[in-house]
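*Asks:* the following block contains a protein sequence and its predicted model.
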Amino acid sequence: MTTAERIPVAEDLFRWSHGSVELIGSRCKACGTHYFPKRLSCSNPDCKDKELAEVALSRQGRLYSYTVQGYRPPALFKMEPWTPYAIGLIDLPEGVRVMGMLTGSALEDIVIDMPMELTAEPLYRDELGRDVMTYKFKPVASGAGAA
Ligand SMILES: [Zn+2]
C-alpha cells in the first residue's frame, strides 16, 4: 500500500508537528486571550495592546455540544465517500471553543462533555492524487492517558 501525499483542506488551520496534528491559533500578547482560527487583532474590548502571536493550541478538550449532519451539504464542502457525520464544539483549556468534525465513535455513542483529542483524516483525494485532509476530534482512548 502506498501512502498518498497529504495536504490540509485550508491554509493556516492546522499542521503536522512531530508526527501529530496541531491547530494553529492566536494568543494575545497583552491579555492572553486565545483565538481559533488565528486572527490579526485581539477583539477583547478591555484589551489595549491587541497584538497577537501565533500559537499551537492544546490537542485535547471536552465536547461542549454536537449535531449530526444528516444530509449532504452544498458542493462547497467536499467529502468522498459521503456519510452522515457529527460536528462538535470542543472546549480547549485555553478557553477557545473550536468547531470540528467528530470521528472515531459511532454517532449514537457520542456523549456531551466527553474528552476529545485532535486528529486528521482525509476528506477526499484530489486530481493530483493527494489526500486532502481536515482536522477532526475523536474520543480520547480510555486508559491511554495523555500522550
Ligand atoms: Zn488582548
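*Replies:* Nice, thanks for sending it over. Numbers count the residues shown, from 1 in each chain.

*Asks:* can you pull the contacts of E22?
*Replies:* F14, R15, W16, A56, L57, R59, L118 (Cβ atoms under 8 Å, 6 or more residues apart in numbering). C-beta: built from backbone N, CA, C; applies to glycine.

*Asks:* does the helix or strand hosting it come close to the ion?
*Replies:* Using DSSP states H and E, E22 sits in strand 20-28. Yes. Applying Cβ under 5 Å from the ion, one finds strand 20-28 touching the ion at C28.

*Asks:* quick check: can you name the pairing partners of that strand and their directions?
*Replies:* strand 14-17 (antiparallel), strand 34-35 (antiparallel), strand 52-56 (antiparallel) (DSSP bridges).

*Asks:* what's the most buried one of those strands?
*Replies:* Among the strands paired with strand 20-28, the stretch with the highest mean neighbour count (mean count of other Cβ atoms under 10 Å) is strand 34-35, at a mean of 20.

*Asks:* the ion contacts on this protein?
*Replies:* By Cβ under 5 Å from the ion, the part of the chain that sits against the ion consists of C28, A30, C31, T33, C42, N44, C47.

*Asks:* could you find the closest non-adjacent residue to the second one?
*Replies:* Think A30. Spatial nearest neighbour of A30, excluding adjacent residues (Cβ to Cβ, 6 or more residues apart in numbering): D49 at 3.2 Å.

*Asks:* verify the contact between the one you found and C42 for me.
*Replies:* Yes. Counting by Cβ atoms under 8 Å, C42 is a contact partner of D49 at 7.4 Å.

*Asks:* what comes into contact with the helix or strand where I7 lies?
*Replies:* Using DSSP H and E, I7 sits within strand 6-8. Residues outside strand 6-8 that contact it (Cβ under 8 Å, 6+ apart): F14, R15, W16, A120, P122, D126, R130, D131, V132, M133, T134.
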